[in-house]
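K.L.:
Take this sequence and fold it.
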Amino acid sequence: MKNYYYVTANTAKGFLNLLPSNIEGLQQVISLKHPSQKVKAKILRQLVLKYESSTNTVEVLKSALGEDYLDGVVIRKKGIAFLNDSIVPSDMDGVIELDLSHFTLKTSVKNTIQNENFKHHTEKAYKDFETGLRIHDDLEEIYIKEMHFEKADEMADRFIQERLQGQPKKTRDAHEYHRLFGTTTVDGPVNIIPHITENLSHVFYVKGRAGTGKSTFMKKVVSACIEHGYDTEIYHCSFDPNSLDMVLVPDLHFCLFDSTDPHEFFPTKENEEVIDLYEGAVTPGTDEKYADEINKVNDHYKSYMKKGVVELKKAGEYLEELEQQYSVTEQEQKEILKFIGEKV
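P.N.:
Numbering: from 1, shown residues only. Prediction:
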């Protein structure tokens, strides 16, 4: 079985890396080194095939670069992680480095211009996202004026009570896994919400508007579940990583997520419900009262998001030029996997 999620993202705050909480406590962390992102991704995919089974869940760390890339593979049952070296913090202790270049054909690569252009357009994308977030704050201000926070607090308290009622309080330190369910890549905005939620007993679709307390609601749920000793998966917003977009509690078989644009979904099963903070905690008629202003701000911030996506796509073109200079044969892949099999 495979579980997918992201630990890296392209955000309004720049490049985000949430790796550490996801590999804490593992016995072996192996960093795969190679100048090619695609070569590392091919080896990581082979490792998924090697370790995946009906009794062995493999966690696949998707990449903020796009679908052709991977950040890593975690086999939690065996206490092992194989990681793309580009996401491993330089100050992380106990990491074993495996240089894949020892197994692949040496090639003369000219990559200075492509690297510079890739970084240039990626940074331009971050600037556009940052501008978009500043404008988005104006949207939040509109709704905050009409927000009844005590009602939102009551909704959160009621939800927490319902979820934890009858559940034992564990005498253990709960673990927080910080992740993302998507990001904006060279392929455009992506999310894997349906994959994450498909096998859960209860899924809650949190509806609302900017500034109506969706993230605060989820932070309250996190605090309560952690306090009760339940490990919690905390999914950050890939636009503004200070906000939360999803909370999943495996032992309680439920999750709740921000189900608004650009990741808007609607319940399709009996075990799925809507929590609407706009309906429950905002002055009725707010959308209509500020319609012109809301539309103007919405269009303005989204224009910068679109500009950022264009810049990431340009960065992706230069990355592809870089990648075309590298290759790994099937025989080389077999040798790498054989070496890993002997050492791990």
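K.L.:
mind giving me the domain split of this structure?
P.N.:
The record's domain split for the chain, according to automatic domain parsing, is 2-105+328-343, 147-282.
K.L.:
Including mean pLDDT, could those domains go into JSON lines?
P.N.:
Below are the domains of the chain laid out as JSON lines (pLDDT from 0 to 100):
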{"stretch": "domain 2-105+328-343", "mean pLDDT": "96"}
{"stretch": "domain 147-282", "mean pLDDT": "97"}
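K.L.:
which one of the ones you listed lies closest to residue 141?
P.N.:
The minimum distance between residue 141 and the domains of the chain falls on domain 147-282, with 6.9 Å, by C-beta to C-beta. (Each C-beta comes from the backbone N, C-alpha and C, glycine too.)
K.L.:
which residues touch the most centrally placed residue in the chain?
P.N.:
Nearest to the geometric centre of the chain sits residue 180, at 1.8 Å (C-alpha atoms, centre = their mean). By C-beta atoms under 8 Å, 6 or more residues apart in numbering, the residues touching residue 180 are 5-9, 16, 18, 235-236, 238, 245.
K.L.:
Most widely separated two among these?
P.N.:
Between any two of these, the greatest separation by C-beta to C-beta is 15.2 Å, found for 8 and 245.
K.L.:
More neighbours: the two, which one.
P.N.:
More neighbours surround residue 245 than the other of residue 8 and residue 245, with 27 against 24 (other C-beta atoms under 10 Å).
K.L.:
what ranges do the helices span in the stretch 151-300 of the chain?
P.N.:
193-197, 214-227, 277-281, 286-289, 291-323 (DSSP state H, counting those that start in this stretch).
K.L.:
Please identify the buried residues of the last one?
P.N.:
I take that to be helix 291-323. Neighbour counts over helix 291-323 (16 or more other C-beta atoms under 10 Å) mark 294, 297-298, 301, 304-305, 307-309, 311-316, 318-319, 322-323 as buried.
K.L.:
Roughly how far does the residue lying closest to residue 286 once chain neighbours are set aside sit from residue 35?
P.N.:
Sequence neighbours aside, residue 146 is the residue nearest to residue 286 in space, at 4.4 Å (criterion: C-beta to C-beta, 6 or more residues apart in numbering). The gap separating residue 146 from residue 35 is 53 Å, by C-beta to C-beta, to the nearest Å.
K.L.:
and if you look at residue 224?
P.N.:
Going from residue 224 to residue 35 by C-beta to C-beta gives 46 Å.
K.L.:
cool, residue 187 as well?
P.N.:
Using C-beta to C-beta, residue 187 is found at 22 Å from residue 35.
K.L.:
When the two are compared, which one has more neighbours?
P.N.:
In this view residue 187 and residue 35 are compared by other C-beta under 10 Å, and residue 35 has more residues nearby, 17 against 14.
K.L.:
Am I right that the more buried one is in contact with residue 104?
P.N.:
No: look at residue 35 against residue 104 with C-beta atoms under 8 Å: they stay out of range, at 9.7 Å.
K.L.:
List the contacts of the residue nearest to the residue nearest to the centre of the chain when sequence neighbours are not counted.
P.N.:
Nearest residue to residue 180 in three dimensions, chain neighbours excluded: residue 6, at 4.1 Å (C-beta to C-beta, 6+ apart). For residue 6, the contact set (C-beta under 8 Å, 6+ apart) comprises 61-64, 71, 179-183, 192, 238.
K.L.:
before we move on, back to that, tell me, what's touching residue 35 and residue 104 both at once?
P.N.:
Here residue 35 and residue 104 have residue 326 as joint contacts, going by C-beta under 8 Å, 6+ apart.
K.L.:
Assign residue 91 to helix, strand or coil.
P.N.:
Here residue 91 is recorded as coil under DSSP: H, G, I helix; E, B strand; the rest coil.
K.L.:
what's it in contact with, if anything?
P.N.:
Residue 91 sits next to no residue when contact means C-beta under 8 Å, 6+ apart.
K.L.:
Quick one: residues contacting the closest residue to residue 28 other than its chain neighbours.
P.N.:
Of all residues not flanking residue 28 in the chain, residue 80 sits nearest, at 4.8 Å (C-beta to C-beta, 6+ apart). Residue 80 is in contact with 26-30, 74, 344, counting by C-beta under 8 Å, 6+ apart.
K.L.:
Among these, find the one with the greatest number of neighbours, please.
P.N.:
For these, the largest number of neighbours (other C-beta under 10 Å) sits with residue 74, at 24 neighbours.
K.L.:
which element is that one on?
P.N.:
Using DSSP states H and E, residue 74 maps to strand 70-75.
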